[in-house]
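Enquirer: Below: sequence and its predicted model.
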Amino acid sequence: MGKRIIRFGVIGCGLMGKEFASAAARWCHLTDIDAEPRIVAVCDPNPDAAEWFRKQVPGIERTYTDYRELLADPSIEAIYCAVPHNLHERLYADIVRAGKHLLGEKPFGIDKEANAEIQAALAERPDVLVRCSSEFPFYPGAQQIVKWVEEGRFGRIIEVEAGFWHSSDLDPTKPINWKRRIATNGEYGCMGDLGMHVLHLPLRFGWKPASVRALLSKIIPERPDGNDGMAPCETWDNSILACDVKTDDQQFPMLLSMKRIAPGHANTWFIRIQGTELSAEFTTKNPKQVASLPYTPGGQQAWHTVDAPYKSAYGTITGGIFEFGFSDSILQMWAAFCDELANRDRMRQTFRCATPEEAAGSHRVFTAALQSQRSGETVSIDWGN
Ligand SMILES: NC(=O)c1ccc[n+]([C@@H]2O[C@H](COP(=O)([O-])OP(=O)(O)OC[C@H]3O[C@@H](n4cnc5c(N)ncnc54)[C@H](O)[C@@H]3O)[C@@H](O)[C@H]2O)c1
């Protein structure tokens with residue numbers, strides 16, 4: 001049987017829009033999927049950004065500067081939307097209400113109120129599949145940890161640490177951009193930029209923080225504005241969130257950190273789980289390796305580090321001994337979205353992209369973190385409706 005072709009529109013043709021185009025162009029890398037995206041239309045008010053797609057993506061039929069015109073095309077089934085955070089609320093809600101399936105970029109709204117408006121649109125259109133971009137859990141080492149959590153291998157959880165660190169803003173001569181401004185990136189700052197990546201797995205595992213104490217920092221106060229002047233950096237550069245997790249049968253500390261200024265780190269995403277029966281760690285700093293420490297009472301406490309084979313959620317042409325990287329994780333995330341769109345509850349594997357509920361959960365945590373920063377106190381997080 002032929003593959004199910006999904007006709008996609010891309011809204012926002014910047015960094016991430018191009019990443020999606022590149023993943024779609026590499027679909028032949030996948031051996032194990034019966035659905036395939038076709039980018040047929042794009043929208044960006046910047047003509048140069050849309051022009052890149054015209055030149056590089058053979059199947060483009062139309063380019064738009066107004067996303068509403070793209071949404072009016074009935075032949076487009078699904079949208080990938082990667083625009084600045086202040087536009088998520090309006091665009092995502094309009095996409096969903098137009099009946100298009102959506103893979104939207106995080107943080108799914110500039111703040112909790114914007115996220116609630118997106119959730120309201122979703123409630124009106126339960127037939128539409130909506131997922132939030134978060135690719136790092138698709139690394140084979142992270143998938144191994146997911147499997148161990150699902151198998152209940154850790155025993156009693158002692159503590160969890162997860163983070164996303166990069167040094168992208170250490171250089172003070174780097175010009176200001178929309179990510180450093182509250183109006184476009186939101187008051188969350190680095191939490192809105194990086195936090196969904198960090199919370200995706202904890203929330204998938206049901207590890208909801210009952211409270212948070214946040215330490216947020218602004219490190220570089222101003223940057224070149226591109227016009228020989230300087231502009232203030234308004235958003236938080238780094239964040240450390242000390243969370244108290246309560247599940248039905250466990251309570252443990254979870255330390256989350258999101259840093260735009262972490263010297264020496266290029267794009268380091270990590271998760272460390274310590275348990276009474278197993279501890280494990282995966283970091284994209286060592287993308288091939290996964291470390292684990294199985295423990296039995298009285299036994300040795302020894303870390304084992306192995307090169308994780310290239311064993312991704314979806315099969316690929318790449319042999320097991322080769323390395324997995326960032327663009328592979330994007331491709332795997334896309335495969336999960338297309339698989340779920342084509343097969344719904346009968347996906348080829350069980351790890352779904354981040355859900356709107358998980359994105360809403362991240363907003364609860366970030367909003368409480370801002371409150372904690374303002375008051376200097378620990379803030380409880382309400383997980384009721
Ligand atoms: N998943 C990841 O690893 C990852 C990495 C970086 C950014 N992101 C997310 O992707 C989104 C976009 O970030 P980016 O780095 O690609 O930004 P970018 O600035 O490179 O691209 C944004 C694009 O949106 C376009 N745009 C602005 N207004 C628009 C409108 N009304 N309609 C259509 N297009 C419009 C801009 O012209 C620009 O080309 C953000 O939500 C960000 O958080 C995700």
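Expert: That came through, no problem. From a predicted model like this one, the values you see are computed outputs, not experimental measurements.
Enquirer: make it CA atoms for all contacts and neighbour counts henceforth
Expert: Fine.
Enquirer: Do a quick rundown of the helices in this structure.
Expert: Taking DSSP state H as the test, the helices found in the chain are 15-25, 47-56, 67-71, 88-97, 112-124, 140-150, 182-185, 190-204, 326-343, 356-375.
Enquirer: where does the chain dip in pLDDT?
Expert: 1, 385 (pLDDT under 70).
Enquirer: and the gap between the residue positioned nearest the centre of it and Gln332?
Expert: The centre of the chain sits closest to Ser134, judged by Cα atoms, centre = their mean, with a distance of 2.3 Å. According to Cα to Cα, to the nearest Å, Ser134 stands 11 Å off from Gln332.
Enquirer: that older thread, excluding chain neighbours, what is closest to the residue nearest to the centre of the chain?
Expert: Closest residue in space to Ser134, ignoring its immediate chain neighbours: His197 at 5.5 Å, by Cα to Cα, 6 or more residues apart in numbering.
Enquirer: one step back: minimum distance to the ligand: which of the helices of the chain has it?
Expert: helix 15-25 (3.8 Å; Cα to the nearest ligand atom).
Enquirer: orientation of the closest one relative to helix 326-343 in degrees?
Expert: If you take axes from the mean of the first three to the mean of the last three Cα atoms, to 10 degrees, helix 15-25 sits at 70 degrees to helix 326-343.
Enquirer: Quick check: buried residues in helix 15-25?
Expert: For helix 15-25, the neighbour count (16 or more other Cα atoms under 10 Å) marks 16-18, 20-25 as buried.
Enquirer: In contact with Ala72, which residues?
Expert: Ala98 (Cα atoms under 8 Å, 6 or more residues apart in numbering).
Enquirer: I'd like the distance between it and the ligand.
Expert: 14 Å (Cα to the nearest ligand atom, to the nearest Å).
Enquirer: So which residues on this protein come close to the ligand?
Expert: 11-17, 43-46, 49, 67, 82-85, 105-106, 133-134, 193 (Cα under 6 Å from any ligand atom).
Enquirer: Could you identify the buried members of those residues?
Expert: Restricting the residues of the chain next to the ligand to buried positions leaves 11-14, 16-17, 43-44, 49, 67, 82-85, 105-106, 133-134, 193, with burial counted as 16+ other Cα under 10 Å.
Enquirer: Just the residues you listed: which are in strands?
Expert: 11, 43 (DSSP state E).
Enquirer: Let me see the contact set for Cys132.
Expert: Residues in contact with Cys132 (Cα under 8 Å, 6+ apart) are 103-108, 353-356, 359.
Enquirer: Was I right to think the residue nearest to the centre of the chain contacts Cys353?
Expert: Yes: with contact defined as Cα atoms under 8 Å, Ser134 reaches Cys353; the gap is 6.9 Å.
Enquirer: Pull up the overlap in contacts between the two.
Expert: Contacts common to Ser134 and Cys353, judged by Cα under 8 Å, 6+ apart, are Met333.
Enquirer: which residue sits farthest out from the middle of this protein?
Expert: Most peripheral residue of the chain (Cα atoms, centre = their mean): Gly298, 39.8 Å.
Enquirer: Okay then, goodbye and thanks.
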